[in-house]
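Undergrad: Show me how the following folds:
(chains A, B, C and D)
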2 protein chains.
Amino acid sequence: MDGSLETRELAHFLAVAEDLHFSRAAARLGIAQPALSRTVRRLERRLGVTLFVRTSRAVALTPAGRVLASEARRALDAVDAAARRTRRAGAAEPHLVLAMKAGGDAGLLAAVLATYEGDPDACPVRVLFRTDRVGALRDGHADAALVFDRLDDLRGLDTEPLLTEPRAAVLPASHPLAARDSLCLADLRDAPVHRPGDGTEAASLTELLQLVALGRTVAVVPRSVAAGLRHDLVGVPLTDAPPVTLLLAWPAHSTSPAVAALARAVRAACPGGDPVDA
Amino acid sequence: MDGSLETRELAHFLAVAEDLHFSRAAARLGIAQPALSRTVRRLERRLGVTLFVRTSRAVALTPAGRVLASEARRALDAVDAAARRTRRAGAAEPHLVLAMKAGGDAGLLAAVLATYEGDPDACPVRVLFRTDRVGALRDGHADAALVFDRLDDLRGLDTEPLLTEPRAAVLPASHPLAARDSLCLADLRDAPVHRPGDGTEAASLTELLQLVALGRTVAVVPRSVAAGLRHDLVGVPLTDAPPVTLLLAWPAHSTSPAVAALARAVRAACPGGDPVDA
DNA sequence: CGGGATCGATAACCTCGGGGCATGGACGGG
DNA sequence: CCCGTCCATGCCCCGAGGTTATCGATCCCG
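TA: Numbering: from 1, shown residues only, chains lettered A, B, ... in the order given. As a prediction, the model looks like this:
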């Protein structure tokens, strides 16, 4: 019942929760198994809750253990974020980290950054190419990110829209449907369609297009991405796929003036955004 | 550098950041001042960042220190939430805590709870009366809350609407405007209007109405609140105050089936909600 | 059915770091 | 100029957290 849980305890617990094996988890943490056993036991005593059911052959999470596993992940992310953001803020030359997928800016980023640099609160922007941009915001690897609504999970984030655009299918030039002016989703019924965010996420646009060129998949992407393809690929507008919005996103609790300035720059440079109600 | 920050370090740092005085902060933490000084110094060494500028007469936060103060609060809230939610989940008889302001349910809660109890994932609901319901969600004191959009800060929360309703002004029966059928905000221009969320938050509806009865203020409240007033008070519809929506809210990262069931119950019992786009 | 392998818990020991007390040193005020 | 305030430093102690050795339970297999 006394003091708060310590970060180390949570991290150790989480290691066990993740591979359900004390010895392996201990090895992963670089400590001996008995120490880990004790830490977890103490955690259980402090919480007054059983987190694991252990038999000598198997370890399983209790319902309370599952709750803690999920909450501990958030908490540790928050602690990591605190450290990373503080280090960044205190760095000799502080900067802002913007996470995006390469090619995922619809060509608007340059203009936004140009506007941004005029702001008195601006500081240098470092671009981080990364697939899991939302995760990067949560754990402090990034201060802002370019994301798509409907494809990314925006909960816990504040956003500013840059552009709403319809989607297009990307096909090999040799594909029977490649000559069409437009397609609807039903046309792709039989094709192995790849949609961002369906778990088979490609690490980069290049990888994705490679797969398309090989005939392994068909991609559904925002229309701006489908412009300027390699010559062996064709982008065809999709009429019935709901449009997606490209957004600048940042943690809802952010207090950084530099992030606020970046949001202002987006608002100024991108008239596409819906004005917020008054 | 090396390992993560410990929660104790963050808590100690935060104490200093809050009153900018090592000795007082140490007293508040129940430890001696030298220990606190050292903890903070170590934290600075680990982060490689200066958090305070100290003269022997004053202590001030650096910009990086301000960042850490804000991030540390979030992180500590998350750690506390982890402990509280885990304890609740592991309690002999687990339950769900719903935070609300007394009278802030527009009379819908009973029906929602009745629906909820039929759900297989349901568990007993404990109601927590509290002004800062969003804070209660963040630090784990509550699992869900009844909040109002436009009055509460909903960032980081998932929500399900119960009811959208216009607002009304509450006046003393003797007030010159009390006889009117409706009012607009301009009519109240000269009155000392109290709006929820403007910092002079009343601890309870009763307190607020007390102030109105005393002629100290005029209240703007959702219309359902203005029904059934004491005889010396009058509610008058406001024509131009934007309507507010009463929402069930819960942390965006929640994975609790009981909370999900409660959201379902709201959806079932309150046809007022906008269906989310598909 | 018995022996070995696996895996978590326990026990005994050690080390280090956080906390306490006493004191030093810088600075401002009367 | 001396005193009071306030943070930093030095030194000691204790407990938390780590290590190795070992036990006990369980399953696999011959």
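Undergrad: When you work out contacts or count neighbours from here on, use the C-alpha atoms and nothing else.
TA: OK.
Undergrad: For the stretch 51-200 of chain A, what lies in contact range of chain B?
TA: Taking Cα under 8 Å from any Cα of the partner chain as the contact definition, the stretch 51-200 of chain A meets chain B at A:63-65, A:67-68, A:70-72, A:74-76, A:78-83, A:85-91, A:155-158.
Undergrad: who's in contact with the closest residue in space to residue A:125 that isn't next to it in sequence?
TA: Nearest residue to residue A:125 in three dimensions, chain neighbours excluded: residue A:96, at 4.8 Å (Cα to Cα, 6 or more residues apart in numbering or on different chains). Taking Cα atoms under 8 Å, 6 or more residues apart in numbering or on different chains, we find residue A:96 in contact with A:88, A:123-126, A:142-144, A:258-259.
Undergrad: Filter those down to the ones in strands?
TA: Under the assignment DSSP state E, these contribute A:125-126, A:144 to strands.
Undergrad: These, buried ones only, as a ChimeraX selection?
TA: Buried subset of these, written as a ChimeraX selection, criterion 16 or more other Cα atoms under 10 Å in any protein chain shown:
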select /A:125,144
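Undergrad: Next, format the ones in strands among the contacts of residue A:96 as TSV and append pLDDT and distance to DNA strand C.
TA: Supplementary listing: the ones in strands among the contacts of residue A:96 in TSV, determined by pLDDT from 0 to 100; distance: Cα to the nearest atom of the strand, whole Å:
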residue	pLDDT	distance to DNA strand C
A:125	92	34
A:126	91	33
A:144	96	32
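Undergrad: Just give the number of residues close to the closest residue to DNA strand D within the stretch 101-250 of chain A.
TA: Minimum separation of the stretch 101-250 of chain A from DNA strand D (Cα to the nearest atom of the strand) falls at residue A:139, amounting to 22.4 Å. Neighbours of residue A:139 under the rule other Cα atoms under 10 Å in any protein chain shown: 21.
Undergrad: what's the answer for residue A:86, then?
TA: Using other Cα under 10 Å: residue A:86 sits among 27 other residues.
Undergrad: Heading C-terminal from the helix or strand hosting it, find the next helix or strand.
TA: Using DSSP states H and E, residue A:86 sits in helix A:63-90. Moving toward the C-terminus from helix A:63-90, the first helix or strand encountered (DSSP H and E) is strand A:96-100.
Undergrad: buried stuff in the next helix or strand after that next one?
TA: As assigned by DSSP H and E, the chain's next helix or strand after strand A:96-100 is helix A:109-117. For helix A:109-117, the buried set under the neighbour-count rule, 16+ other Cα under 10 Å, comprises A:112-113, A:115-117.
Undergrad: Let me have those in CSV, adding distance to residue A:133 as columns.
TA: What follows is the buried residues of helix A:109-117, written out as CSV (distance: Cα to Cα, whole Å):
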residue, distance to residue A:133
A:112, 19
A:113, 19
A:115, 23
A:116, 21
A:117, 23
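Undergrad: For DNA strand C, state which of the residues you listed is nearest.
TA: The shortest approach to DNA strand C among the buried residues of helix A:109-117 belongs to residue A:117, at 38.0 Å (Cα to the nearest atom of the strand).
Undergrad: so how far is residue A:94 from the residue nearest to the closest one when sequence neighbours are not counted?
TA: Excluding the flanking residues, the one nearest residue A:117 by Cα to Cα, 6+ apart is residue A:123, at 7.5 Å. Distance, residue A:123 to residue A:94, by Cα to Cα, to the nearest Å: 7 Å.
Undergrad: If anything else comes up later, I'll come back, but that's it for now.
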